[in-house]
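Visitor: Dropping the sequence and predicted coords here.
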Amino acid sequence: MICDILQSTYSFLTEETLEKHPMHDFRMGSAHDGSPHPVDVHVGMQIATARKAKRLSQSQLGAAIGVTFQQVQKYERGTNRVSASTMFAMMHFLNVPSAYFFEGLPLNYMGGAGGFADPVTPQMRAFLSSKIGLEIVEKLCQTPVPLQRAVAIVVENLKT
């Protein structure tokens, strides 16, 4: 269950952003500083979102695809890359198309040398990964866009 709100989480990955904040070499497994590759992190977030939308634990997903829950955790964090065969098993078990894992990434992304600015804070990721966060987003996705905007205004006013 994907909606525009979750997809917009990664809307910062535009050609303009990539030019201003080029990612590290696409062919390398991780950044030069040892952090996970942004595409691996994105795929991991997509895995976590699909798993939680199906109300599955990491153990349940792991058992279905033949890995431990610890390995699922590493996939979801982007720490370990997902092999094609494992992604294929996830695709079928989670009932998502193969393109789902890459939704939100620019089609022509090839990366470059440099750092990566991620405007999605750890708090935002934690919220979107929490039970209440997923519940709120699911309900919000079912409402008309004008009501979504109104909710955003109300939430903005709660900050002050």
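Guide: Cool, got the structure.
Visitor: pretty sure V155 is in a helix, no?
Guide: Yes: when DSSP: H, G, I helix; E, B strand; the rest coil is applied, V155 is found to be in a helix.
Visitor: Contacts only, for it.
Guide: Under the criterion of CB atoms under 8 Å, 6 or more residues apart in numbering, V155 has no neighbours. From N, CA and C alone the C-beta is placed, and that goes for glycine too.
Visitor: What's the separation between it and M124?
Guide: The spacing between V155 and M124, counted by CB to CB, to the nearest Å, is 13 Å.
Visitor: any common contacting residues for the two?
Guide: By CB under 8 Å, 6+ apart, no residue touches both V155 and M124.
Visitor: Give the buried residues for stretch 80-93.
Guide: 80-82, 86-87, 89-91, 93 (16 or more other CB atoms under 10 Å).
Visitor: Among those, which one lies nearest to R55?
Guide: R55 lies nearest to F93 out of the buried residues of stretch 80-93, by CB to CB, at 13.4 Å.
Visitor: Point out where the protein drops to low pLDDT.
Guide: Applying pLDDT under 70 to the chain flags residues 1-33, 106-121, 160.
Visitor: all helices for it, in order.
Guide: Here the chain has its helices, by DSSP state H, at 4-8, 15-20, 38-53, 58-65, 69-77, 84-94, 122-129, 131-141, 145-158.
Visitor: Buried deepest among those, which one?
Guide: Highest mean neighbour count among the helices of the chain (mean count of other CB atoms under 10 Å): helix 38-53, with a mean of 21.
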